[in-house]
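>>> quick one, structure for this:
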Amino acid sequence: MAKRYILHLRFLLLKAFYELRLRFSNLQGREPIVVFQMGKVGSSTIVESLKALDLGFPIYHVHRLTPDGLEFAEKMRLARRGSRPAGKHYFTSRYLRKQLAKQSNSMRWNVVTSVREPIARNVSAFFHALDAWYPEFDHQPRGNDKSTLFAELTTIFLEEFPHKLPLTWFDSEMKSTFGIDVFSSEFPKQEGYGIYEGERVNLLVIRLEDIAKCGQQAFSKFLGIEQFALVSTNVGSEKAYGTAYNEFLRSIVLPDSYIDRMYASKYARHFYNEEEIRTFKAKWLKKAAGGPC
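Numbering: from 1, shown residues only. Have a look, this model is predicted:
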């Protein structure tokens with residue numbers, strides 16, 4: 001009972017802190033830049049790269065904006081093995097939902113989202129939140145226990161992780177929030193990015209795999225930014241768990257059925273061509289065969 005009270009009090013304090021902070025961002029009268037995308041597709045890198053330019057516009061970073069999406073995220077947080085308090089993404093999402101409801105149709109939003117091949121995205125997202133899925137994990141495992149540990153982590157990943165999220169995010173979140181159906185027209189795979197217009201939104205969709213080579217061109221065309229340069233951040237291999245993450249990537253063996261299902265999805269085939277999908281599949285199948293990464 002006492003623990004529940006403390007958690008609720010912490011929630012209320014965090015809510016008050018973020019709401020006050022967001023009010024000072026002064027959204028009124030200025031078209032915001034919203035980096036709105038699923039987790040682990042380079043969103044932190046895009047946010048920090050935009051902030052480094054000191055554009056003078058509010059820049060927000062969220063993963064969900066629909067009531068169902070926020071409810072799902074909260075259920076996942078509470079259902080995980082280690083419950084964590086709601087963070088800034090959650091409160092920013094609540095704030096932006098209110099602003100969307102308040103603003104007139106003349107207020108346009110500049111939204112940036114990126115995509116990443118689905119299995120790499122899922123593995124990265126799983127390991128990023130590993131303290132929630134597996135609280136007892138040692139970020140620096142040693143000795144013969146590694147193989148047993150990584151096999152257990154693979155089982156948890158396959159059986160408990162929400163694998164469909166990247167496959168459904170554009171329908172459940174982007175289309176539901178801003179009315180843009182990115183699947184209704186062919187994605188320009190050769191360019192690596194596409195620009196869309198909705199009733200109240202300008203949308204840039206860019207592939208994470210291509211952002212280093214086409215990022216400057218994409219942001220120049222989308223926002224008129226000529227000096228866009230990547231500021232890398234939140235990279236799994238560079239975090240405290242980087243060594244363990246890289247070892248997990250080398251050790252993970254995924255069922256062929258899972259690999260086939262993910263790359264046969266509408267999402268994968270819309271954003272990647274056949275040759276790219278074959279390359280992705282070969283990488284994960286090579287792991288299953290015991291080959292090098």
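>>> please make it C-alpha for all contacts and neighbour counts, starting now.
Noted.
>>> buried stuff in the stretch of helix or strand N246 belongs to?
Using DSSP states H and E, N246 sits within helix 242-251. Neighbour-count burial for helix 242-251 flags 242-245, 248-251 (criterion: 16 or more other CA atoms under 10 Å).
>>> please apply the same query to stretch 252-268.
By 16+ other CA under 10 Å, the buried positions in stretch 252-268 come out as 252-254, 259, 262-263, 267-268.
>>> how about those residues in TSV, adding secondary structure?
Listed next are these as TSV, based on DSSP: H, G, I helix; E, B strand; the rest coil:
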residue	secondary structure
I252	coil
V253	coil
L254	coil
I259	helix
M262	helix
Y263	helix
Y267	helix
A268	helix
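>>> can you show me the strands along the stretch 51-200 of the chain?
59-62, 109-115, 193-197 (DSSP state E, counting those that start in this stretch).
>>> quick one, the longest one and strand 193-197 angle?
In this case it means strand 109-115. For strand 109-115 against strand 193-197, the angle by axes from the mean of the first three to the mean of the last three CA atoms, to 10 degrees is 150 degrees.
>>> where does pLDDT dip in the stretch 51-200 of the chain?
The stretch 51-200 of the chain contains residues with pLDDT under 70 at 76-87, 103-106, 138-144.
>>> for it, which segments count as helices?
For the stretch 51-200 of the chain, the helices defined by DSSP state H, counting those that start in this stretch cover 67-79, 88-102, 118-128, 130-133, 145-160, 165-169, 176-178.
>>> can I get these in CSV including distance to A218?
Shown next, in CSV, are the helices of the stretch 51-200 of the chain (distance: least, CA to CA, whole Å):
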stretch, distance to A218
helix 67-79, 28
helix 88-102, 25
helix 118-128, 22
helix 130-133, 33
helix 145-160, 34
helix 165-169, 22
helix 176-178, 21
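>>> out of those helices, nearest to Y60?
Evaluated with CA to CA, those place helix 88-102 nearest to Y60, the distance being 7.4 Å.
>>> would you mark the buried spots in the closest one?
In helix 88-102, counting by 16+ other CA under 10 Å, buried: 88-97, 100.
>>> please apply the same query to stretch 64-73.
64-66, 70, 73.
>>> on that earlier part again, for the buried residues of stretch 252-268, which one is nearest K164?
Nearest member of these to K164, counting by CA to CA, is M262, at 8.4 Å.
>>> for the most centrally placed residue in the chain, what are its contacts?
A centroid search over the chain (CA atoms, centre = their mean) returns G39, at 1.6 Å, as the residue closest to the centre. Residues in contact with G39 (CA atoms under 8 Å, 6 or more residues apart in numbering) are 63, 125.
>>> quickly find the element holding it.
Per DSSP H and E: G39 is located in neither a helix nor a strand.
>>> how close does it sit to D210?
17 Å (CA to CA, to the nearest Å).
>>> picking up where we left off before, would JSON lines of the strands of the stretch 51-200 of the chain with mean neighbour count be doable?
As requested, those are exported to JSON lines (neighbours: other CA atoms under 10 Å):
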{"stretch": "strand 59-62", "mean neighbour count": "20"}
{"stretch": "strand 109-115", "mean neighbour count": "22"}
{"stretch": "strand 193-197", "mean neighbour count": "17"}
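>>> the helix holding N246 to helix 118-128, inter-axis angle?
Using the same axes, to 10 degrees: helix 242-251 against helix 118-128 is 140 degrees.
>>> thanks again, I'm all set now.
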